[in-house]
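Visitor: Quick one, fold the following:
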Amino acid sequence: MLIAGFPAGAWGTNCYLVAPAAGEECVIIDPGHQAAAGVEEALGKHRLKPVAVVLTHGHIDHVASVVPVCGAHDVPAWIHPEDRYMMSDPERALGRAIGMPLMGELTVGEPGDVRELTDGARLELAGLELTVTHAPGHTKGSVTFGLPESAEIPPVLFSGDLLFAGSIGRTDMPGGSMADMLESLARVVLPLDDSTVVLPGHQEHTTIGRERATNPYLRQVAAGLGADEGAPRRGL
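Guide: Numbers count the residues shown, from 1 in each chain. As a prediction, the model looks like this:
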């Protein structure tokens, strides 16, 4: 198994390329702001051929390079229908008026082939099986992608902006909901095995075991309590 990741752009959004091995087909997860050059570098370094882009949610810091990446390789983009509008209208997703400056000139819009994700779907792409789980809270259409445990790796969760090391995604933008976030943490995250590696949308990787023991939000959810509004939150 090959997972190559790098932080891209002004928001430091993690973009991941996932393949069975070097020299094979791959899936690209969340090519965000200024990610296209990093994607091409990783493709060349590991001799990979992309077959799809999959998106954890629709915020511009996660989708800004979808059009050039999909266009360069003639591949589809997968996104949950609740967040699809964000690709063409990122200002509305961030609570900005259309026309306000947004990090200079960004390529917005949909690629030629957009496919919609559904909860519980199993995407068989590039020799991989990615399990899609709808996890609203950060946005209405947020999802996670899971890879099962194998002889080579423990289970992996691409958590987007649902769960970070020591924190969770913010819920104060259009479509965000703390109630939905807490429900998603309880339903999606808590049942996972402690060995599950969490590859989040921002900052460093972690494990479910570490977050179960130290993450203030996850501990409160596990205890059946509400969120501490003073605890740190991350994401765009």
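Visitor: what's the burial count for the residue lying closest to Leu55 once chain neighbours are set aside?
Guide: For Leu55, ignoring the flanking residues on the chain, the nearest one in space by C-beta to C-beta, 6 or more residues apart in numbering is Ile79 at 4.5 Å. C-beta here means a position set from N, CA and C on the backbone, and glycine is covered the same way. Using other C-beta atoms under 10 Å, Ile79 has 26 neighbouring residues.
Visitor: Equivalent analysis for Val198, please.
Guide: There are 24 residues near Val198, going by other C-beta under 10 Å.
Visitor: likewise Gly58?
Guide: Neighbourhood size, Gly58 [other C-beta under 10 Å]: 25.
Visitor: How is it assigned, secondary-structure-wise?
Guide: With DSSP: H, G, I helix; E, B strand; the rest coil as the basis, Gly58 sits in coil.
Visitor: So it sits against Ile79, correct?
Guide: Yes - Gly58 is within contact range of Ile79, at 6.1 Å (criterion: C-beta atoms under 8 Å).
Visitor: Next, show the common contact partners of the two.
Guide: Applying C-beta atoms under 8 Å, 6 or more residues apart in numbering, one finds that Gly58 and Ile79 are jointly contacted by 87, 141.
Visitor: can you pull the contacts of Phe158?
Guide: 16, 29, 56, 144-147, 199.
Visitor: Could you check how far Pro136 is from Tyr16?
Guide: 21 Å (C-beta to C-beta, to the nearest Å).
Visitor: next one: Arg122
Guide: From Arg122 to Tyr16 the distance is 18 Å (C-beta to C-beta).
Visitor: same deal with Glu149?
Guide: 18 Å.
Visitor: The two - which one has more neighbours?
Guide: Using other C-beta under 10 Å as the criterion, Glu149 and Tyr16 rank with Tyr16 on top: 22 against 13.
Visitor: Help me confirm that the more buried one comes into contact with Pro200.
Guide: No - using C-beta under 8 Å, Tyr16 is not in contact with Pro200; the gap is 10.2 Å.
Visitor: burial measure for Ala22, as a count.
Guide: So Ala22, with other C-beta under 10 Å, has 12 neighbours.
Visitor: Quick check, pLDDT for it.
Guide: pLDDT for Ala22: 97.
Visitor: Look up the closest residue to Leu192, ignoring the ones flanking it.
Guide: Spatially, and ignoring its direct neighbours in sequence, Leu192 is nearest to Ile208 (4.7 Å; C-beta to C-beta, 6+ apart).
Visitor: do His46 as well
Guide: Closest to His46 by C-beta to C-beta, 6+ apart is Ala22, at 4.6 Å.
Visitor: list the contacts for the one you found?
Guide: If you count contacts by C-beta under 8 Å, 6+ apart, Ala22 has them with 2, 46-48.
Visitor: I'd assumed it was in a helix, is it?
Guide: No - secondary structure of Ala22 (three-state DSSP): coil, not part of a helix.
Visitor: what about it, distance to Val39?
Guide: Applying C-beta to C-beta to Ala22 and Val39 gives a distance of 16 Å.
Visitor: and if you look at Leu147?
Guide: 19 Å.
Visitor: Would you pull up how far stretch 154-172 lies from the middle of the chain?
Guide: 8 Å (C-alpha atoms, centre = their mean, to the nearest Å).
Visitor: Kindly report the same for stretch 194-212.
Guide: Centroid displacement of stretch 194-212 relative to its chain, using C-alpha atoms, centre = their mean, is 13 Å.
Visitor: Next, the distance between the ends of that stretch.
Guide: From its first residue to its last, stretch 194-212 covers 8 Å (C-alpha to C-alpha, to the nearest Å).
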